[in-house]
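> Using only what follows, build the 3D model:
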Amino acid sequence: GTENNHFPFNGRALGSYRFEATLIPVLSFEFISLESLFEKLSHPECYGGLIFTSPRALEAIKICLKEKSKNEAWSKSLKQKWDTKPVYVVGKATASLVEEIGLTPQGETSGNAEKLAEYICSREKSSSSALLFPCGALKREVLPTVLREKGIPLESLTVYQTTQHAHLQESLSSYFSQQGIPASIVFFSPSGVKFCLQHIQKLSGDFINHIKFAAIGPTTAEAMEAAGIPVSCTAESPTPQDLATGIQKALHLHNCSVPK
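Take a look at the predicted model:
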């Protein structure tokens, strides 16, 4: 695998599907504009709700809440006010972090930004207050574009930047030298493709044609195709079970049933 700990994906999760999985951290995140984020969170009356398409956006809020005075303001009044408004999320990982800060997520089965945008459009009116969208610098424009076309007001705030993990090259080199060419490599994000591909090509050489490349979802699959990687499978939804099922089919492991 090639991505940061992307709950619920870890070696153990995929190990339970009879795969020996190694997770290699690809990305580092730098949090920015946290004062501005908390200032906006302090005015729930100005917004119609929240949108989260990444666990990192919740991490940004958690960093804010480590400060005692902000935590008190959140738990005494802000949390309750936000909880009367919709909190839209793209998947289970993000949903569980929303619950950890005391809010109720919805839309978690959508699985990607396109489907979440459709879900939001089916529930919001153009006359409503703006939805607050804390996001990363590399966010795709799909969700903002769909909402803008439907006239649903959105206020985006960049709260984190993505960079290559300091030990990425070293981690990949040591994996290939110790374990050899992997049967399959899973990408969890377009950034993962961007930062890893060159290293993987160099380490694999001609053996790259033997590797089955898997994508966690359609956005990542598109990035892989654009980079010239043959996509052997895309998980139907971003869960360990669906990913394992896809990899098993790609590797033709028919005798290896996925536990329900």
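
> confidence score at Gly91?
Here the pLDDT value assigned to Gly91 is 86.

> Could you pull out the helices in the stretch 151-260 of the chain for me?
Taking DSSP state H, counting those that start in this stretch as the criterion, the stretch 151-260 of the chain contains helices spanning 168-179, 190-204, 218-226, 240-250.

> TSV please, covering these and showing mean pLDDT, distance to Lys92 and mean neighbour count.
C-beta coordinates here come from the backbone N, C-alpha and C atoms, glycine included. What follows is the helices of the stretch 151-260 of the chain, written out as TSV (pLDDT from 0 to 100; distance: least, CB to CB, whole Å; neighbours: other CB atoms under 10 Å):
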stretch	mean pLDDT	distance to Lys92	mean neighbour count
helix 168-179	96	26	14
helix 190-204	95	19	18
helix 218-226	94	17	18
helix 240-250	90	10	20
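
> Minimum distance to Leu157: which of the ones you listed has it?
With respect to Leu157, and counting by CB to CB, the nearest of the helices of the stretch 151-260 of the chain is helix 190-204 at 19.6 Å.

> which residues are contacting that closest one?
2-3, 26-27, 138, 162, 164-165, 168-169, 172-173, 176, 181, 185, 187, 208, 211, 219-220, 222-224, 227, 229 (CB atoms under 8 Å, 6 or more residues apart in numbering).

> center of this protein - which residue?
With distances taken as CA atoms, centre = their mean, Ser54 lies nearest the centre of the chain, 4.7 Å away.

> distance of it from Glu155?
Per CB to CB, to the nearest Å, Ser54 is found 17 Å from Glu155.

> Equivalent analysis for Tyr175, please.
From Tyr175 to Glu155 the distance is 42 Å (CB to CB).

> Kindly report the same for Gln241.
Distance from Gln241 to Glu155, counting by CB to CB: 36 Å.

> Kindly report the same for Leu131.
7 Å.

> who's more crowded, these two?
Each of Leu131 and Glu155 has its neighbours counted (other CB atoms under 10 Å); Leu131 has more, 23 against 15.

> Go ahead and confirm that one touches Lys150.
No. Contact criterion CB atoms under 8 Å: Leu131 and Lys150 do not qualify, at 11.7 Å.

> Now for the two: what residues contact both?
Taking CB under 8 Å, 6+ apart as the criterion, Leu131 and Lys150 both touch Glu124.

> going on from the helix or strand that Ser28 is a member of, what's the next piece of helix or strand?
Element membership of Ser28, judged by DSSP states H and E, is strand 27-31. Once the chain leaves strand 27-31, the next helix or strand it forms, by DSSP H and E, is helix 34-41.

> Next, the angle strand 27-31 makes with that next one.
Angle of helix 34-41 versus strand 27-31, following axes from the mean of the first three to the mean of the last three CA atoms, to 10 degrees, is 70 degrees.

> now helix 34-41: how far from the chain's centre is it?
Centroid displacement of helix 34-41 relative to its chain, using CA atoms, centre = their mean, to the nearest Å, is 22 Å.

> Dump the following helix or strand past that helix to PDB, keeping only the CA atoms.
With elements assigned by DSSP H and E, the helix or strand that comes after helix 34-41 is strand 49-52. Listed next in PDB are the C-alpha coordinates belonging to strand 49-52 (Å, rounded to 0.1, in the frame of the first residue of the first chain):
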ATOM      1  CA  GLY A  49     -23.600  23.400   7.600                       C
ATOM      2  CA  LEU A  50     -20.200  21.800   7.200                       C
ATOM      3  CA  ILE A  51     -18.500  19.700   4.500                       C
ATOM      4  CA  PHE A  52     -15.600  17.300   5.100                       C
END
